[in-house]
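**Student:** After the sequence you'll find the predicted model.
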Amino acid sequence: MQMNTDQLSMTFSALADPTRRGLLQTLASGQATVGELAHPYSMSMAAISKHLKVLENAKLISRTKEAQWRRCKFEGAPLKDASQWVQKYTKFWEGQLGMLDDYLIESEGMNND
């Protein structure tokens, strides 16, 4: 399976910021306006807009305009790709830990002799 590395980089870059992760967490529960998303944060609307632009560029959210309101919607596809990428390394570490476990059991058996 070939993934777009640029998209993967954009996804991880967007997720690197705790504010953006918080915004995504809120949007995972349903759509929200920019004002609703900004409410819990003590930062300017311009700063929130910059965070939302990063999320939008990474295709983690989409935005629509309804009258004077901008609604944001969570888009999960890039997270699925990132999760699949991480899972490859999870399998690696599980294998490493399995070998360590085998070694420790074998080592303990030698110490009991």
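**Tutor:** Cool, got the structure.
**Student:** CA only for contacts and neighbour counts going forward, please
**Tutor:** Fine.
**Student:** quick check: longest helix of this protein.
**Tutor:** Counting residues, the longest helix found in the chain (DSSP state H) is helix 77-111.
**Student:** Just list what that one packs against, helices and strands only.
**Tutor:** Helix 77-111 is packed against helix 5-15, with contacts defined by 3 or more C-alpha pairs under 8 Å, 6 or more residues apart in numbering; DSSP states H and E.
**Student:** quick one: the next helix or strand after the helix it packs on to helix 5-15, angle?
**Tutor:** Following helix 5-15 in sequence order, the next helix or strand is helix 18-27 (DSSP states H and E). Calculated by axes from the mean of the first three to the mean of the last three C-alpha atoms, to 10 degrees, helix 18-27 forms an angle of 90 degrees with helix 5-15.
**Student:** before we move on, back to that, centre of the chain versus the longest helix of the chain, how much separation?
**Tutor:** 21 Å (C-alpha atoms, centre = their mean, to the nearest Å).
**Student:** Measure how that helix sits relative to helix 5-15, angle-wise.
**Tutor:** Interaxial angle, helix 77-111 versus helix 5-15 (the same axes, to 10 degrees): 80 degrees.
**Student:** and the helix or strand hosting L55, which residues are buried?
**Tutor:** Counting by DSSP H and E, the element that carries L55 is helix 45-57. Within helix 45-57, the residues that count as buried by 16 or more other C-alpha atoms under 10 Å are 48, 51-56.
**Student:** distance of the residue sitting nearest the centre point of the chain from L24?
**Tutor:** Taking C-alpha atoms, centre = their mean, the centroid of the chain lies closest to L15, which sits 4.8 Å from it. L15 sits 9 Å away from L24, taking C-alpha to C-alpha, to the nearest Å as the criterion.
**Student:** Flag every buried residue along the least confident helix or strand in the chain by mean pLDDT.
**Tutor:** Lowest by mean pLDDT, DSSP states H and E among the helices and strands of the chain is helix 77-111, with a mean of 79. Of all the residues in helix 77-111, those buried under the rule 16+ other C-alpha under 10 Å are 78-79, 81-82.
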